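Undergrad: need a 3D model of the sequence below.
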Amino acid sequence: MNDTPSSAKTFKRLRGYLRHYKLAFFVAILGNLAYAGMEFLFAYSLEPLTDETLVKGEMSTIQAAPLFIMTILVVRGVAGFVSAYCMSWVGQNIVQKIQQQMIVKYMNLPSSFLDKTTSGRLISKVTFDTQQVASATTDTFTKLIREGGLVIFIIFYLFSTSWQLASLFLVTAPLIGLAVNSASKRFKKISKRIQNAMGGVTQNSQEIVDGYKVIKTYGGKEFEEQRFKVEANSNRSQNVKMVATKAVSTAVIQLLAGVSLSLVIYFAGQQLSAGELRPGQFVAMIAMMMLMLKPLKILSNLNSVLQKGIAAAQTIFEVLDEENERDEGTLVLSDTKGRVDFENIDFSYDANKKILRNISLQVEPGQTIALVGRSGSGKSTITNLLLRFYEPCSGAIRIDGIDSASITLSSLRQQISYVSQHVTLFNTSVAKNIAYGESEIDLERVKQAAVKAHALEFIEKLPAKFDEQVGENGMRLSGGQRQRLAIARAIYKDSPIVILDEATSALDTESERHIQQAFDRLTSNRTTIVIAHRLSTIENADMILVMDDGEIVERGTHQSLLERNGYYTNLYQMQFDESKA
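TA: Next up, the predicted model:
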C-alpha cells in the first residue's frame, strides 16, 4: 500500500466500516488462518514422512498419511467456506452501506453540485467504485490474511529449523519492499485515471441509451460510436497499464524471491552434507520455500487491487464529504396562507454574470402571477430560488412575511407543488407516482386528483389501471399522459403555493383546455406562479411580469400590458402571427 497520508487516512476510514461487522470479520480471520495452517501442515508433513519412512523405514507413518491428508483437506475446505462466506457477507454489507450513504448524499447535495456533475459519473461511483471498495475490503483482507499467514508460518518454521538459512532467504526483503513501494505509487496514479475513464464510459453509455431516438433520427451513430471509442479506449489503455505494472512488479518480486530460494538451496545442501540438517528438514524446507512463491505472487498482486479500492474510496469520500445544501432554518412552516415576497433579489451562478438583478415582486394569497420572457431571461431561476434550490446573493424571499432562510427546507417545500415541462416519473405504479412522497396512499384522493387532471380517462384504459407500472420515467405513457400524471401529483399534494413551469407544453389543444379548467379549480384559492410560453394561457393572471436579461421590464395585467404597446405586446403579436401562419 502507498503510505502517503491521504492513502493512510482513506484506508483507516475504510477500516471504520468493519467495526459494524466485527464478529463476522473475526470469524473470517480465523477461517483464513485455519486455511493457511492446513496448507502449512501439508508441507510440514514431508519432514516426518522423509525421516521416519524413507530414512528409518518405519511404515506406520506412511500408513497414517492418508487419514492425515484427508483430515487436512476437510478442515481446509470447511475453513475456506467459512472465511469466504463471512468475508463476502461483510463486503456486501459494506457495499450496501456505502451505496446507501451515497444515495442519501445525492438527495442532500446542493443543486449547484448536481448541476455541475454529470449523472453518469455519479452513477459510476455508486455501481463501479463501490465494487472496487468491496474488493479492497474483502478480497484483499482474505488473501492478505490467508497468504500472509502461510508466509508467516513458513518463516517461523525456517527460523526454528535454521536461522542462518532463514536469514539468507530474507536478505532480499528490502529490495522486495522497494519494488512494492514503487509499484504502489504507479498503481494509485493509474487507479485514479481508471475511475475517471469508467465514469466517462458510463456517462456516454447512458446518453446513447437515453437519446437513441435523436441519434437515429439525426444520423448520429458514427459520431456516438467515435465518441464512445475515445472513452472506451482511455479506459482500455489505463487497464492495460495496470496489468503491465502488475506483471512487471510480480516478475521482479518473484525473481528476487527466486534468488533467495536458490541461495538457500545451495547452502542447505552444504548443511545437509555436513549433517547439520536432517533429510526431512531439508525436504520440508525446500517444499515450503517453493510453496511460498505462490503466496508471494498473490501478495504482490494485492497491491493493485488495494490501490484501486483506495482510489475508488477517495472519490467516494470526496462526494460524501461535500457540504449538504444549506438548511439552517429552525422554523417549521405550516398552515401557510401563501403570500410570497421577493425583496431586491440579486443572483448569479458565478461572479462573472448576474442572472437576476434587483427582482422585487409581491404575490398575495390566492393570486396568480405569470412570468414571461425569452429563454434565459431568468424566469425559472425565480422559482428555483423560491424552492431554495439556490440561495440569493442578496435580498430576501419571504413566505407569509417570514424570511425563507429561517424556515426548514422540508417544511418550506411541503407548502409548494411544482409541475415542470420536463416531467419526472418513477418506475412504479400510477397511484404511487400521483401520491409520490406519501407513505400511506389515499386511493380516493388519488382518483380525485386524476379526475381533476383529466388523467382518469386514460388510466382506466390501462390493464392494471392505478396499479399499472409506468416504466422508466413513464416511457410506457405518451408525453401528454405523463404531463397529466405530473399535474395530478401536484393536485394530490394540495399545497397552498403552486408553481407551473410551462406545465401544459406537452398537451394537445383539447387536453390543454381541460387541464386549464382543472388549473382554474386548483388555483382558485392558492398562490400560483406560472412560467408561460404560450401567452394565451395566462390572459387571466392577476399579474404578468415580463422579464428580459434578468430584470423585470414590465408588469401589469394582460390588457394593461397590451395597451402599453411595449415588450409584452411584441411577444404577444409574434405568437399571434406564428399561430395564424
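Undergrad: lowest-pLDDT helix or strand in this structure?
TA: In the chain, the helix or strand scored least confidently by mean pLDDT, DSSP states H and E is helix 212-217, which has a mean of 58.
Undergrad: so, low pLDDT: which residues of the stretch 1-150 of the chain?
TA: For the stretch 1-150 of the chain, the stretches with pLDDT under 70 are 1-6, 53-62.
Undergrad: show me where it has its strands.
TA: For the stretch 1-150 of the chain, no strands are identified by DSSP state E, counting those that start in this stretch.
Undergrad: how close does Gly376 get to Met285?
TA: For Gly376, the distance to Met285 equals 79 Å [CB to CB, to the nearest Å]. Bear in mind the C-beta positions are built from the backbone N, C-alpha and C, glycine included.
Undergrad: quick one: which of the two has more around it?
TA: Taking neighbours as other CB atoms under 10 Å, Gly376 and Met285 compare with Met285 leading, 27 against 13.
Undergrad: how far off centre is whatever helix or strand that one lives in?
TA: Using DSSP states H and E, the element containing Met285 is helix 279-320. With CA atoms, centre = their mean, to the nearest Å as the basis, helix 279-320 stands 29 Å off its chain's centre.
Undergrad: just give me how far the helix or strand that it is followed by sits from the chain centre.
TA: Using DSSP H and E, the helix or strand that follows helix 279-320 towards the C-terminus is strand 340-347. Centre-to-centre, strand 340-347 and its host chain are 35 Å apart (CA atoms, centre = their mean).
Undergrad: same deal with stretch 107-123?
TA: Worked out by CA atoms, centre = their mean, stretch 107-123 lies 10 Å from the chain centre.
Undergrad: can you list the buried residues in that stretch?
TA: Residues of stretch 107-123 classed as buried: Leu109, Pro110, Phe113, Thr117, Thr118, Gly120, Arg121, Leu122, Ile123 (neighbour count, 16 or more other CB atoms under 10 Å).
Undergrad: JSON lines please, covering those residues and showing distance to Tyr349.
TA: Shown next, in JSON lines, are those (distance: CB to CB, whole Å):
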{"residue": "Leu109", "distance to Tyr349": "16"}
{"residue": "Pro110", "distance to Tyr349": "12"}
{"residue": "Phe113", "distance to Tyr349": "12"}
{"residue": "Thr117", "distance to Tyr349": "14"}
{"residue": "Thr118", "distance to Tyr349": "17"}
{"residue": "Gly120", "distance to Tyr349": "22"}
{"residue": "Arg121", "distance to Tyr349": "20"}
{"residue": "Leu122", "distance to Tyr349": "20"}
{"residue": "Ile123", "distance to Tyr349": "24"}
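Undergrad: end to end on stretch 105-118, go ahead and measure it.
TA: End-to-end distance of stretch 105-118: 15 Å, with CA to CA, to the nearest Å as the criterion.
Undergrad: which residues sit against that stretch?
TA: Stretch 105-118 is touched from outside by 122, 199, 203, 319-320, 322-326, 349, 384, 389-390, with contacts defined as CB atoms under 8 Å, 6 or more residues apart in numbering.
Undergrad: give me that answer again for 10 Å
TA: Contacts to stretch 105-118, defined as CB atoms under 10 Å, 6 or more residues apart in numbering, come from residues 119, 122-126, 199-200, 202-204, 206-207, 316, 319-327, 349-350, 384, 387-391, 409.
Undergrad: ditto for stretch 32-40
TA: Stretch 32-40 has contacts (CB under 10 Å, 6+ apart) with 44, 71-84, 86-87, 141-154, 156-157, 288, 291, 294-295.
Undergrad: and the helices in the stretch 451-581 of the chain?
TA: Using DSSP state H, counting those that start in this stretch, the helices found in the stretch 451-581 of the chain span residues 456-459, 479-493, 509-523, 558-564, 567-580.
Undergrad: which parts of the fourth one are buried?
TA: Burial within helix 558-564, assessed by neighbour count using 16+ other CB under 10 Å, is assigned to His558, Leu561.
Undergrad: and the shortest one, by the same measure?
TA: Under the neighbour-count criterion of 16+ other CB under 10 Å, helix 456-459 has Leu456, Phe458, Ile459 buried.
Undergrad: can you give me the pLDDT of the last one?
TA: Ile459 is assigned a pLDDT of 88 by the prediction.
Undergrad: re the thing from before, filter the contacts of stretch 105-118 to the buried ones?
TA: Neighbour counting over these (16+ other CB under 10 Å) leaves 122-126, 199-200, 202-204, 206-207, 316, 319, 325, 384, 387-390, 409 as the buried ones.
Undergrad: returning to that earlier point: hey, least reliable of the helices of the stretch 451-581 of the chain by pLDDT?
TA: For the helices of the stretch 451-581 of the chain, the weakest mean pLDDT is recorded on helix 509-523, namely a mean of 64.
Undergrad: in the stretch 351-500 of the chain, which ranges drop under the pLDDT threshold?
TA: Using pLDDT under 70, the stretch 351-500 of the chain drops low at 351.
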